[in-house]
Structure formats: C-alpha cells, structure tokens
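A.B. asks: sharing a model prediction with you, sequence too.
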Amino acid sequence: MNGDMSKLDRQRRELESSWGHYGNPHPRYPAQAQRQPIHRTFTTPIHPRREVDRHPAYNYPSSRPSTSGSHGHIVHQRRRNSYSQSTTLEPSRNSHGDGRGKESKEWPPRGYTHTAIFSAKEADHYVVSGASTFKGYRDQVQHAPGQYRFFAVMDAEHSQRTDRADFEHPAFKDISLTVTGQIDEAFPWVALDQPCMAYAFGKSPGTTTLCWRVGKSGSLWTEMRFGSNVRPQRMKLIGILDRLRVLEKGLNEDDESGMYRHLYDMIDDPERDTNPHYGTHLQISDLITVLSNAEWTDFSLPNNQVVAKFFDSQDQKRRQAFFHQLLLAVELYLRIHSREHEESAKRKLLLQLPPKVGWDLALAQRWLENMSISRSKASSSHSTFTFDLRSKKRQKEALRQFASTLKWPNMDELGYILQETDAAEKPVEDRSADAMSWFTGVTLPGPTLPWVLMNSLIDCDRDTGFSLNHLTHMRPASGFQYRAITYWSYQCIVGKVLGAARGVKQVAGWIGPCSYSPDLHRTECVLVRQSTSPVETRLAHQDIDTMSQRTDPLGERDKSYPVDDYDLCVPDEDEVGDMIRIEKLGFVPVEGRNASEERLSGEGKPWTFDASITFAIEGKSEKFLLRYDVDFVAAYPCHKGPHPLFWDFSYLAIRADEGLINITDWPYRRSHPRGTPPTTSVASSYSNHTAHSSTSSQSQSHRPSKPRDHSSASRSKSRALVPHQPPPSTGPSFETLEQVLVIEALGVSDNEVFARAWCAHWGLHALVADVKETCMACAVREAYAGCMSVVILTSGGRNDVGDEG
C-alpha cells in the first residue's frame, strides 16, 4: 500500500512539473468546498483619472517594423512567423472542457491577499500572461510630407488569435494586393490598397478589425501630381497585343541588346547617343517616368477600377490606350522582378513608387496571372488574337461558394448558367463588364471586388430582371431585396447591424441572408441614407503613438504592483435575457415620404431610404433608426483568461434588456472636459448597474493607486436625460474617452442585434467580443486602444435553440 502511494505521489509531482510552464492548475476541492461563481462588484461614481495615469507623454513617434531594411534596430513584429506555425495553443488554465471558457479563477490568486504586492515577474505571470496587447504604428505617405497611414496589431498574433475572417475561397484573396510577399503572410502596411482590404472583415458577420478601424483615420486619399510629360512612341494595336503575348513567357534577360531594342522602340532613350540605358535600373526609371504622365488612366481612382470597361470597350481608342498602358506596365513589372534586381532594392523601390504607377503594376500582375493571348493568322495580312481565361474555372467555383454561403434563393438557375451547356445562352463573361472582370480574374485590389462578384451573380440569374442592375461600389451604402431575402454591403449600416442575427453570414464583403422587409418590393435595390457619427472623432497620431502604453494590462510599468490594483470582471452568463425579438426591418423613402406606392419597381434610379429596426420587448415595440455609419470591431481572442483588469480602465456594465434603451446621453457623457468628474445622471436610468471600481489601500510604489473615497451616485427615476453637446475636440481621442459602456448581449442573437442597433441609432462605434474567446478585461482594454466607447459582449447565440451563427 505504501509503495502504491509513493508511486502515485511521484506521478503527481511529475505532472505538476510538466505543467509548470502554464501556471498553477486550479485546485480540486471537495464538493462541499467548491468555490462559488465570482460576484461582480461595481461602485459608483468613477473618479476622473489623473492624466499621468493613463495618458503618457507622446513626444515619441511609433515606428512600425521595416520591410526595406532601413531600420535594422527596430524589433520586428513576428506576425509572419506566427502565421506559419501549425501548433495549437495550449488549453487555458481555467478550461472546464466545455469550450465555453467559463470563469474558474480566483482573485487574489491563491497564496496572496488584497494587500500583497506583486513583483514584476509575478505580475507578468498573473496579469499579463495570455492577455491581448496592442500596438499602433504610423507610416508617412510617400511623396506626401505630413501625411500618415495608421495601423494597429496585436503583439505576438497567432493564427488562432486573430480578429480577421478567413478567406472562404482563394479567389477572394484578390481583394487585396501586397507589394511584397503573399497575402497570407503580409503586413497591412505593405498592401497597395489602404486601408488594407485583407483586414476589412472581422471574424463575425458585420464586423471589421482593429487595424481597419484605425486605418480609416489615416490619410486615405492624398492628391499627388507629377510633372512628367514624356509620352511613348505610337504603336498599332496589333503590335501591342503581339508584344504582350511574347511577354507572357517573361523577359529574355540574357539578351541585353534585345531587351534594350524592344523597350526603346516604344519609348525614348534620353541618352541614346551619349549613354544608352542598357542597365535595368535605368530602364525602370524611364518606364516610371512615362507611366507618370497624367494622360494615362489612373487606376487608383475607384471609378476606374472595373477594368473590363476598358479592355472590353466598344470605343477603339479607349481600348487601344488601355492595352498600350498595360504593355508599359508589364514591361516595368517584369524588370522590377527580374533576377538582376536584388530583393532589398526591389522592396524599397516598390514602397516608394508613385501610387498611380503602383496601381499600373497591380494591373500588370493580375493580367499576367489570369490572361493569355494567342495569335492565329487568317491570311498573310490578317491576324486574329484570342484571349484565354486561365482562371475561369476557379472563378466559377468561387461564385458558386459565394452564392451557397449566402443561401442564394435561385441556386438551380445559377448552376445551369455556370455549366454553359446551352448554346442559346451567352457566355458568362459576356453578360456585363462586371462579369467580364470577374470571370477573367482581372480584378484590382480594393473595395471593387465585392461589387464585381455580386453583380456577376445577379447577371447569372435571369429571374432578377432589371431591378438589381444599379449596384455599384460608387454607392456602397446599399443592398437589395430578392425573393423575401435581403443582402447588404459590408459598408452599409443595415448589414453591419443585421450581421449579428441568426443564420447570417459574411462572405467577400456581403452580408446575408437577412430579414425580409414588407416596405420593399419583392425585388428591389436599396440605397440607405447614413451619416458620419456626430460624436465619434477621428483618431489622431497621438492615439496611435501611445496605444501600447495606454492599454498595458499592468497599467503604468513599475518594479512592483499592488494586487488590489486589479480585479476580475466577468459577465453574468447564468442569467441571460430572452425577451428581445426583431419585429420589423423598416424602410421609409427619403424622396417624398408619402410616395412609397409610386416607387419604381423596374428599370430606373433606385430610391434612397431611411432604415430602422423595430424590436418587441416585453410586449412593447421599440424602434431604432439606423442613421449613423458606425463600425463594429471584432475583438482579438485572448488566452488563459479571464484576466484581471487594472482599476484605471473605467467601465459601466449593463444588460441589453435591462435599461440600455433608457441611456440617451452616453455619446455626450464621455466627452466632458478632462479634470472634471463625469456626470452621474446617466446612471439614473438603471439602478442595478454601476461603474466598476473598488477600494484599495495606498501602494508603497510611486504608481497611482485606486481612489478610496467614492460619493454616492444620483438615482433619480427620469427616463430620458437632456443631452448637452460635447465640447469640440481638437486633440487626441483618448483624452475624451473617460469610460466604456459594456453591454452584456448574451443569450439569443437578437440581443446583439439590439445592442448594435442602439449604437447605430446614437452614432457609437463598438467592440464586439465573444465571451467564449475574449475575456471582459481584454475587450475593455481593446476598446480603449481603438478609442471606442462601447463594448458588446456576446455568446454567439444559443445552441439549445439553434440560434448560433
């Protein structure tokens, strides 16, 4: 017996030793001593923070890791390596095996008291380990002094800890183009399209990513003018097409004189007689100069990004000008990517190109990847050129998957058309310019691809008629109803809100199938009137530079950390609301509110509508107007949570079905001048929820500690508050963000739709966190990172009623 006990004790020690890297496992207590669920305590009001606590000086610009090698001293964010890892993250310390990450940690940790002090190593283990940490970068726009692009990433991002949605099909990756490297391994700052479209779609439908949210505040459209007046030599279309056909095999780099002769038959060599440009670097410079001429088509402009409108144009001059520009771009592309051009020099050049020339290279790359030209002689004086669509099969498969994911109501018709067995039917690529662009695969990166894809689907369904012929990327706040189903663009607030509904998917920039609206015709295009939020400001460069310091899980870094400066915050998953249901998706025409019956249902200009959603709540109907274009950001998953939250990250928690509808001044409350206490009147609408804070003893460290004294909050019964306009903000957004509203929208998916609709009604950007993947503390800190005043906690619906998305 003693031998057996010794063996058992030895095995236990070995097990504890092997798991030491992951921290102490949760102890097994007898049934009568099992720890009860942690009770969340809230105290009100929250005292204003001292500026030194959360807002460090920002006199140091944040430089992102370099891809050109010019900043070798900067530690590189190892995103590329983390994406290549095939390992699985270790199970969380608090895992119960049910996958739901139910809270099972205790605070203070076992062996510590509230008055204890963590060393730096202990604080890193108990507070930081597994928590999400965020860092902002800003890049100066080339050729535009004083203009910056903004980026945000999570430190040590893992393939299982990303906020981005996966590409459902390889063809959908064409929505973005990296200047160097593959799309799966790319950094957002090396993408041609800015903000990078690979980061446009969050993990849950209707959401985006933190990087996309931050990027929209940077310099997006910077007008640049170049003084080049150099023009190429005149060429006939037959000569242009024949040279393109030859270049499909690449340059003959061993024939230097041949490369020189072919190029300078098309453009002029300014030093032909004194110093002929045989060097590749000189030829590259000459081609850039020619392509910088303002007479060429600028494909960086959104209205020029449906490429088939040029190469399939009935206008002979327009078509020839396109192929001439394409030929010069292909010549430049092949020289930049020649074996003579070193990788470091190539990356540096590509990142410094004028945007107009960069988009010419994107066109050349997409053409070479997807198109092939063959020539056959009809006679001694006539030749026929044929375009071969090398990616047509792939594009068909992607279109089928796109339609299937969105549960297209006429899949049989689509399948019949895509088979192309009926000689009486048009080839799919000849049905429109959008269809030609999609099935050839020559789609430029950026926001155009979702519209090209959806219009191609509509073109392949004859039952849609002419009513859906008005979708365009130039009017992105739109969608349509078809056979009692609505579909919405990712840029339309209706889709962003309904993305949380049961059964709704997001694929390649489209959200559906969504709720039917009785206010629309059976088949109708819809333009939605939506405005910019009046209370949310654009991020400034100070918000980006200080992101890492402002959102550090430990607060201000020090040698020691009081245990009582942190607390566990967890939502109540035992009691979730089930009283909210979507009642109606409504639309009111903007032009002539009494003329809805006279609205065009066939060919003609689509109407613009005001959108709203009506909810049924405990026998009452409540309507929210979807009037503001706000973002819902998918939260990064954390690991080994829940994590403790530093006291200075102030938040207010409330359930979606208990008082949220009564909050009418949250957009203004958070914008009071710094240094004055927040108004407490907002808490009057809900008596069971107060701001998070708890008392603490003063720390022996120089770090600021939690305030001890709290005055009582006003709890009047007034339903609505008189809003006051916030003072105009000219500084960084974090200076006005005093508190985050945490909406617990657990349970049925309609709770999350309700929370999103509330945000769209008041104009508030929000972070959406699935409590199965992200703890409440990490979600609150990410909201501070992106300067968002709302967090929506969700559980992805209820699986017991088939409500999970």
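C.D. replies: Yep, it's here.

A.B. asks: what's the local residue count around the nearest residue to Ala500 once chain neighbours are set aside?
C.D. replies: Once flanking residues are discounted, Ala500 sits nearest to Glu752: 3.9 Å by C-beta to C-beta, 6 or more residues apart in numbering. Quick note: C-beta positions are derived from backbone N, CA and C, even for glycine. Residues within reach of Glu752, counting by other C-beta atoms under 10 Å, total 31.

A.B. asks: Glu752 and Ala423, how far apart?
C.D. replies: 50 Å (C-beta to C-beta, to the nearest Å).

A.B. asks: just the CA trace of stretch 342-352, in PDB.
C.D. replies: Extracted C-alpha coordinates of stretch 342-352, given in PDB (Å, rounded to 0.1, in the frame of the first residue of the first chain):
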ATOM      1  CA  GLU A 342      18.000  42.400 -55.500                       C
ATOM      2  CA  GLU A 343      15.200  41.700 -53.100                       C
ATOM      3  CA  SER A 344      16.100  44.600 -50.700                       C
ATOM      4  CA  ALA A 345      16.300  47.100 -53.600                       C
ATOM      5  CA  LYS A 346      13.000  45.700 -55.000                       C
ATOM      6  CA  ARG A 347      11.100  46.100 -51.800                       C
ATOM      7  CA  LYS A 348      12.400  49.600 -51.300                       C
ATOM      8  CA  LEU A 349      11.500  50.700 -54.800                       C
ATOM      9  CA  LEU A 350       8.000  49.200 -54.700                       C
ATOM     10  CA  LEU A 351       7.200  51.000 -51.500                       C
ATOM     11  CA  GLN A 352       8.400  54.300 -52.900                       C
END
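
A.B. asks: ok so, going back, can you tell me the SS state at the residue nearest to Ala500?
C.D. replies: Under the three-state scheme (DSSP: H, G, I helix; E, B strand; the rest coil), Glu752 adopts helix.

A.B. asks: and it, what does it touch?
C.D. replies: Counting by C-beta atoms under 8 Å, 6 or more residues apart in numbering, Glu752 makes contact with 500, 656, 745, 768, 792, 794.

A.B. asks: identify the farthest-apart pair in those.
C.D. replies: Across these, the longest distance by C-beta to C-beta is 12.6 Å; it joins Ala656 and Val768.

A.B. asks: out of the two, which sits in the more crowded spot?
C.D. replies: In terms of neighbours (other C-beta under 10 Å), Val768 is the more surrounded of Ala656 and Val768; the figures are 31 against 27.

A.B. asks: check which helix or strand covers the more buried one.
C.D. replies: Assessed by DSSP states H and E, Val768 sits inside strand 766-770.

A.B. asks: adjacent strands (with direction) for that strand?
C.D. replies: Strand pairing for strand 766-770, determined by DSSP bridges: strand 632-634 (parallel), strand 790-794 (parallel).

A.B. asks: contacts for the first one, please.
C.D. replies: I take that to be strand 632-634. By C-beta under 8 Å, 6+ apart, strand 632-634 touches 163, 202-204, 206-210, 212-213, 496, 499, 756, 759, 765-768, 782, 786, 788, 792.

A.B. asks: same thing but 6 Å
C.D. replies: Applying C-beta atoms under 6 Å, 6 or more residues apart in numbering, the set of residues contacting strand 632-634 from outside is 163, 202-204, 206-208, 210, 213, 496, 766-768.

A.B. asks: now stretch 647-666: average pLDDT?
C.D. replies: Mean pLDDT, computed over stretch 647-666, is 92.

A.B. asks: what's the end-to-end length of that stretch?
C.D. replies: 21 Å (C-alpha to C-alpha, to the nearest Å).

A.B. asks: after the helix or strand of the chain with the lowest mean pLDDT comes which helix or strand?
C.D. replies: When each helix and strand of the chain is scored by mean pLDDT, DSSP states H and E, helix 79-84 comes last, with a mean of 32. Sequence-wise, the next helix or strand downstream of helix 79-84 (DSSP H and E) is strand 117-119.

A.B. asks: list phi and psi for the residue lying closest to Glu413 once chain neighbours are set aside.
C.D. replies: Distances taken as C-beta to C-beta, 6+ apart place Asp461 nearest to Glu413, at 5.3 Å, with adjacent residues excluded. Main-chain dihedrals, Asp461, degrees, to the nearest 10: phi -120, psi 100.

A.B. asks: Asp461 reaches Asn410, doesn't it?
C.D. replies: Yes - with contact defined as C-beta atoms under 6 Å, Asp461 counts as touching Asn410 (5.1 Å).
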